[in-house]
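S.K.: let me see the structure of the following:
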Amino acid sequence: MGPLARGRKPHVGPPAESYRRFRRCAAGKPGARRRGDRPRKDPTVTRTARALTGSLLAALLLAGCAGTDSPAPSAPAEGATARAEETTPAEEPTTIRIASLKGPTTMGLVDLMRDAEAGETEQDYEVTMYGAPDEVVPLVVQGSVDVALIPANLAAVLYNRTLTDDGAAVQVAAINTLGVLGILENGDTVHSMADLAGRTIVASGKGAAPEYTLNYLLTENGLDPATDVTIEWRSEHTEVATVLASTPGAVAMLPQPFATVVTVQNESVRPALDLTEEWAKVTEDGSQLITGVVVVRTEFVEEHPQAFAAFLADYEESVAFTNDNPAEAAELIAEAGIVPAAPVAQAAIPKSYITFIAGAELEEAFSGYLQVLFDADPASVGGSMPGDDFYYGG
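M.R.: Purely as a prediction, here's the structure:
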């Protein structure tokens, strides 16, 4: 459980930490504030009240950065007037275009989305949510978005697809979601991977990361996926859920939030195995089962390093908000259309492994996962393992 525990712990890379130190004072930006310093909002508070709270907090921060409680002298010291005139103009906020997907990988973004809509962030975030990864890929390649929250293996595919002698068009900056896959049972006989021997597993995701993950875990537990179990592949998660709910004794592999939905609606269906935990049991290289990551266009981060560091700091705080305030976050998740109902979202949050892993820990966790996929099918990561320049700040 060591690697799993590390995965849930937020980790900030050097760029985000440097920005956090930089913005401790408002740095000449009237109205600017730190997102993490304000108390969390009651859901009934109006946006007008939130804006007023933000302004008051900004005033307090500015006062705190003055560094003295002593009365001002009656006359300025020699040269003080000249120094006061040599002020640095406030830096204009940078517009950051963010593409996300409808699912667990966006659950940690909802607080940032709310603050951005209310005009309470130092940078201008334009967030657009899409239904499928193939809608996002061309936008990243064409430069129509700056940051994207996408499936983990797709980040490696994008890197390899855009790699030239000058480098690749994207870098991975953080892991935002660990494994969301689980084994569920309409019954109570499966309590370990070994208990899957001789069973039929209904699943979706053939020829993709879910299949490679299941095969890897079966193999690491001494089971041959081809002979010791029978895997029935379905094209949609909803098909799998229907079979599971209607068939006593059925065993299935499902991701969140589908797993939560089917267990809420069917008392006979229970979570049997958490595949993120099962992964941690069989790996010793620090790798983790990963679902989603944050990628950034290399050109954008080179042109706007401070703005991107600000985004990472804001995003980490947003992730912490979702994990620490599941009831309020669930309302935002439902409002955004990520999950149909707030109660389902609230139940799914602790099972979705929403996280923020960056810096050295990012490469350690991610490279091992990609190696498993590469060993199963090199095409799943774009044909080759990414180089060190794939990792932002590496």
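S.K.: lowest confidence element among the helices and strands of the chain?
M.R.: Of all helical and strand segments in the chain, the minimum by mean pLDDT, DSSP states H and E falls on helix 47-64, at a mean of 32.
S.K.: residue 174: which element?
M.R.: strand 170-178 (DSSP states H and E).
S.K.: so which elements touch that strand?
M.R.: Judged by 3 or more C-beta pairs under 8 Å, 6 or more residues apart in numbering; DSSP states H and E, the packing partners of strand 170-178 are helix 2-8, helix 104-107, helix 152-162, strand 290-297, helix 298-303, helix 305-324, strand 354-357, helix 359-376. Glycine gets a C-beta too; all of them are placed from N, C-alpha and C.
S.K.: residue 207: how many residues sit nearby?
M.R.: A total of 11 residues lie near residue 207 under the criterion other C-beta atoms under 10 Å.
S.K.: ok so, going back, out of the helices and strands packed on strand 170-178, nearest to residue 95?
M.R.: Judged by C-beta to C-beta, the one of these that comes nearest to residue 95 is helix 305-324, at 8.8 Å.
S.K.: show me where the stretch 51-200 of the chain has helices.
M.R.: Along the stretch 51-200 of the chain, the segments classed as helices by DSSP state H, counting those that start in this stretch run 80-85, 104-107, 110-117, 133-142, 152-162.
S.K.: deepest-packed of those, please.
M.R.: Of all these, helix 104-107 carries the top mean neighbour count, a mean of 27, counting by mean count of other C-beta atoms under 10 Å.
S.K.: give me the contact list for it.
M.R.: Defining contact as C-beta atoms under 8 Å, 6 or more residues apart in numbering, one finds that helix 104-107 is touched by 100, 129, 149-151, 176-177, 180, 255-257, 291-292, 322, 329, 333, 336, 338, 345, 348-349, 352-354.
S.K.: would you show me how to pick out the buried ones of those in PyMOL?
M.R.: Of the contacts of helix 104-107, the buried ones go into a single PyMOL selection, burial set by 16 or more other C-beta atoms under 10 Å:
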select buried, resi 100+129+149+150+151+176+177+180+255+256+257+291+292+322+329+333+336+338+345+348+349+352+353+354
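S.K.: please identify the buried residues of the helix or strand containing residue 334?
M.R.: Secondary structure from DSSP H and E places residue 334 in helix 326-335. Residues 326, 328, 329, 330, 331, 332, 333, 334 are the ones in helix 326-335 that count as buried (16+ other C-beta under 10 Å).
S.K.: pick out the most distant pair among the residues you listed.
M.R.: Longest distance between any two of the buried residues of helix 326-335 is 12.1 Å, between 326 and 334; criterion C-beta to C-beta.
S.K.: ok, now which ones touch the residue lying closest to residue 129 once chain neighbours are set aside?
M.R.: Using C-beta to C-beta, 6 or more residues apart in numbering and skipping residues adjacent in sequence, the residue nearest residue 129 is residue 100, 5.1 Å away. Contacts for residue 100 (C-beta under 8 Å, 6+ apart) come out as 106, 109, 127, 128, 129, 130, 148, 149.
S.K.: nearest to residue 199, of those residues?
M.R.: Minimum distance to residue 199 across the contacts of residue 100 is 33.3 Å, recorded for residue 106 (C-beta to C-beta).
S.K.: got a pLDDT number for that closest one?
M.R.: pLDDT recorded at residue 106 is 96.
S.K.: one step back: tell me the mean pLDDT for the strand holding residue 174?
M.R.: pLDDT averaged over strand 170-178 gives 98.
S.K.: report the angle between it and helix 359-376.
M.R.: Per axes from the mean of the first three to the mean of the last three C-alpha atoms, to 10 degrees, the angle that strand 170-178 makes with helix 359-376 is 90 degrees.
S.K.: got the CA positions of strand 170-178 in CSV?
M.R.: C-alpha atoms of strand 170-178 as CSV (Å, rounded to 0.1, in the frame of the first residue of the first chain):
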residue,chain,number,x,y,z
VAL,A,170,3.4,18.1,-25.6
GLN,A,171,4.7,17.4,-22.1
VAL,A,172,2.9,15.6,-19.2
ALA,A,173,2.8,17.9,-16.2
ALA,A,174,0.8,15.9,-13.6
ILE,A,175,-1.2,12.8,-12.9
ASN,A,176,-4.8,13.7,-12.0
THR,A,177,-6.5,10.3,-11.6
LEU,A,178,-5.2,7.0,-10.5
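S.K.: next, the buried residues of stretch 183-197.
M.R.: By 16+ other C-beta under 10 Å, the buried positions in stretch 183-197 come out as 183, 184, 185, 186, 190, 193, 196.
S.K.: got JSON lines for the helices and strands packed on strand 170-178, with distance to residue 91 too?
M.R.: What follows is the helices and strands packed on strand 170-178, written out as JSON lines (distance: least, C-beta to C-beta, whole Å):
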{"stretch": "helix 2-8", "distance to residue 91": "34"}
{"stretch": "helix 104-107", "distance to residue 91": "28"}
{"stretch": "helix 152-162", "distance to residue 91": "30"}
{"stretch": "strand 290-297", "distance to residue 91": "19"}
{"stretch": "helix 298-303", "distance to residue 91": "14"}
{"stretch": "helix 305-324", "distance to residue 91": "8"}
{"stretch": "strand 354-357", "distance to residue 91": "25"}
{"stretch": "helix 359-376", "distance to residue 91": "25"}
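S.K.: for the buried residues of helix 326-335, which one is nearest residue 375?
M.R.: Checking those against residue 375 by C-beta to C-beta gives residue 333 as the nearest, at 35.0 Å.
S.K.: I figured the closest one was touching residue 110, is that so?
M.R.: Yes - Residue 333 is within contact range of residue 110, at 5.6 Å (criterion: C-beta atoms under 8 Å).
S.K.: common neighbours of the two, please.
M.R.: When contacts are counted by C-beta under 8 Å, 6+ apart, residue 333 and residue 110 have residue 322 as shared neighbours.
S.K.: before we move on, back to that, okay if I get the buried residues of helix 326-335 as CSV plus pLDDT?
M.R.: Shown next, in CSV, are the buried residues of helix 326-335 (pLDDT from 0 to 100):
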residue, pLDDT
326, 98
328, 98
329, 98
330, 98
331, 98
332, 98
333, 97
334, 96
